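A.B. asks: sequence and predicted structure are below.
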Amino acid sequence: MRPRAPQDGEGRPTTAHEIQIASGIVDRSGVVSMLSPFVDAPVGRPRTCTLRGLLIAFQINALRRHHEAHLVEVARTVNGLTDNQRETLGFTHHDPGQTYDRLERLYVKLCAVLEDGHAIEDDGDLQALDVTWFSNALVRASIPPDMLTSSSVAVDGTDVETWGALHGDVVSIEFDAEGEEADDPTDELRSRRSKGPKTKAKVLGVGPDGRNIYTADADARAGHRSATNSRPAGKYVGYECHLAVQTRDVIWTNYIDQVSLSNEVAGVVTSLSFVPAGTHRGRAVADVLIDAKRSGIALDDVVVDPGYSLLTASTMHDKLAAAGIHQTFQLTKTQRGTRPFSGVALLIDGQLYSSLLPPELHDLPMPPRGATEAVKVEYEAKFNQRACWRLSRHQGPDGDGATRWRCPFCKGFVRSRRFPKSMRRGSAVPMVSVPEGAERCCSGIITAMPAELPLWQKIPFGTTAWRLSMGRRQLVESANAALKGGFVDLGRGFFRVFGVTKMTVFLAFSVAGFNVDRVRSFRAKHRLQDPHDPVDYPLVAVPRAKRRKGTWADLVDQRAQAPPTPHGTRSK
C-alpha cells in the first residue's frame, strides 16, 4: 500500500460543557453496552482508544456548527483534548501522529459490526444491531424528554451526493429507481448550458439490487431530485436522507374551516433513514416510523408530501394505519376524482360523502400554485361546503381494519326539510336541498374495508382546516434547510467515505448535534431552563432597544420644560 500523506492533526481545545453534552448523548443511547461485546476482543493487546471515547469524539466534532464529517476532524478533536480529558474518555498512550490511524481502525471495525447486523434479546424482544438502530438510538438520545411534547411528525427526504467521481455527464444516467419511483421527463435538467454532445456516464458494475453502479462508491445509486432556488431539477448519484421532525398536534378541528393546534414545539429530528438514492420510499420510511412508535415515542399523525402518498397503499398508508399512525397528505391529479365504492355513498378525493351530494360539488379545482391567501380562501369555500356532506366514522377500525360510517343527515352535519328528523338540529347546521324523489337520507350505517379507502384522511382534502393542518410540514423543510447550509452542508464533500453504513454513522452524530442546537435555540426563545442540568443551555438575555435621541418627543418636552422668555429679550 502507498504511504498515506501526513495529516494535520492539531485541533482546538474542547470545553467541559461540550464533553458533558456529548457524553450524555452517547451514554443515554445505550449503544456502547450493546456493541462492546462485538467490537472488543477478549484477548490481545488492550486498546489505546475505547469505543465510548471514539463515539464521544465523533459527537464533540458534530456539536459544532458548519463541521465536516471527516475522520481527520475527529482526530483533531482528540488531539485538542487535554491529558485529563483524554484519560477520562479512555484514550491512553496518546501519540498525536498515531491518532488518525487508531481511530480509523476502530471506526472501520464498528462499521463492519453494524453492517453484519447482529441481533440480541432486549426485554424479551429481538433487537437487530444494525446501522438504522444505531443512528436512531443516537438521534433520540439527543432529545431531552421535556422537548418531546407532540405526537405528530413531518417527513421529507433530501438528496446527498456521493464523494465518488462520476465518469460522464449526469444527464445520461439511466434512472432505475426501485418499486414505484418513476422518471418524470418534465423534471429534467432545465439548464442547457452545454450545447455539445453529452458524454454517456460510465457504468462500473451492477449492484446486488440489480441497479447500476456509476462511481467508486458501490452503495451509491442514481436518483432524481426536485428543483431549488440555486439548482434545477435533475438526476444525481448518491443517497437520500429521510427525516421525521416533530411538529404540532391538531388538538381540535371542525373538519371544515377551523383548526386548533398545540403550542409551538422544538423542531427536532425524531427518526432518521439514510438509503441509496432511488430506494423505495415506503420501505425506507414506514418501518422506521413503526419502530419509533414501538420504542415508546408517541406517534399518532404523520404529515407527508406527494412523494410518499403516491406510493401504493399497501407499502405506506396501510402499514402505518395498521400501526395506529394516521397520515395527512396532499392528493395529486391522478389520485383525485370520483372512485367506485361498494356501499351507498360517494368516494371522492379519498373521502366518503352522501349519495345526495350535489353534482356541482363533485369535481372541485384546487387553487393555483403560489396563490395568495384571498385566492385560496375563495377556492376552499366550495371544499368547505362539500365537507358538510361527509360521512362520519361511527366505529373502528377493528382488527381487520374495517370501519363503520354514518351519513351527514343522521350525524347532524346538514339538515333538509325533506327529512323531518334532521330538522331537529339547531339553526347553525347548514340547510341543504336534496334531489326530488329522495325518500330517505341513507340506508343505515355502512361498512368499508381498508382496501376501499386507501386515500382517506381525517380532515377532508381541500378544506381550510386541511390546509392549516398541512402547514405543519414547514418544520421538516426548516430542518432540511439547516442540514443544507444553516447548521451543516450535506452537499458533496461533507462525507469523504464510501458506503451507506460509514456515511450513516457520521450522519447520526450530525443530526444529534443539530437536535442539540435546535433545543438550545428553542429554550433561549422561550426562556426555558432544564432544572436537571444546571449548566445545560444558558439563557440569552434580550437586548434592550437603543433609545433614539433628538426626536420630536424630546424637542417638545424640552420646549415645554424651558422657562418662559420675557417679552422683548432674546433667549440664549
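C.D. replies: Sure, I can see it.
A.B. asks: buried ones in stretch 315-334?
C.D. replies: By neighbour count with 16 or more other C-beta atoms under 10 Å, stretch 315-334 contains the buried residues 315-321, 325-331. All C-beta spots, glycine's among them, are computed from the backbone N, C-alpha and C.
A.B. asks: so which of the residues you listed comes closest to D217?
C.D. replies: Distance to D217, by C-beta to C-beta, is smallest for T315 among these, at 26.8 Å.
A.B. asks: and the closest one, how close does it get to V250?
C.D. replies: 25 Å (C-beta to C-beta, to the nearest Å).
A.B. asks: same list (the buried residues of stretch 315-334) but as a markdown table, adding pLDDT.
C.D. replies: Listed next are the buried residues of stretch 315-334 as a markdown table, based on pLDDT from 0 to 100:
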| residue | pLDDT |
| --- | --- |
| T315 | 87 |
| M316 | 89 |
| H317 | 89 |
| D318 | 90 |
| K319 | 91 |
| L320 | 92 |
| A321 | 92 |
| I325 | 94 |
| H326 | 94 |
| Q327 | 94 |
| T328 | 95 |
| F329 | 93 |
| Q330 | 92 |
| L331 | 91 |
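A.B. asks: among these, which lie within strands?
C.D. replies: 326-328 (DSSP state E).
A.B. asks: which SSE is S33 in?
C.D. replies: Using DSSP states H and E, the element containing S33 is helix 31-39.
A.B. asks: so for that helix, what's the average pLDDT?
C.D. replies: Averaging pLDDT along helix 31-39 gives 92.
A.B. asks: list the buried residues for that helix?
C.D. replies: The neighbour-count check on helix 31-39 (16+ other C-beta under 10 Å) flags 31-32, 34-35, 38-39 as buried.
A.B. asks: with stretch 401-409 instead?
C.D. replies: 403-409.
A.B. asks: same question for stretch 435-444.
C.D. replies: 441-442.
A.B. asks: cool, stretch 416-426 as well?
C.D. replies: By neighbour count with 16+ other C-beta under 10 Å, stretch 416-426 contains the buried residues 416, 418-419, 422, 425.
A.B. asks: quick check, nearest of the residues you listed to D257?
C.D. replies: R425 (18.8 Å).
A.B. asks: how many residues are close by L455?
C.D. replies: By other C-beta atoms under 10 Å, the residues close to L455 number 18.
A.B. asks: tell me the SS of it?
C.D. replies: coil (DSSP: H, G, I helix; E, B strand; the rest coil).
A.B. asks: run through the residues that contact the residue nearest to it when sequence neighbours are not counted.
C.D. replies: Nearest residue to L455, sequence neighbours excluded (C-beta to C-beta, 6 or more residues apart in numbering): G350, at 3.0 Å. By C-beta atoms under 8 Å, 6 or more residues apart in numbering, the contact list for G350 reads 331, 335, 453-457, 461.
A.B. asks: swap the cut-off to 10 Å and go again
C.D. replies: By C-beta atoms under 10 Å, 6 or more residues apart in numbering, the residues touching G350 are 309, 317, 329, 331, 335-336, 339, 453-457, 460-461.
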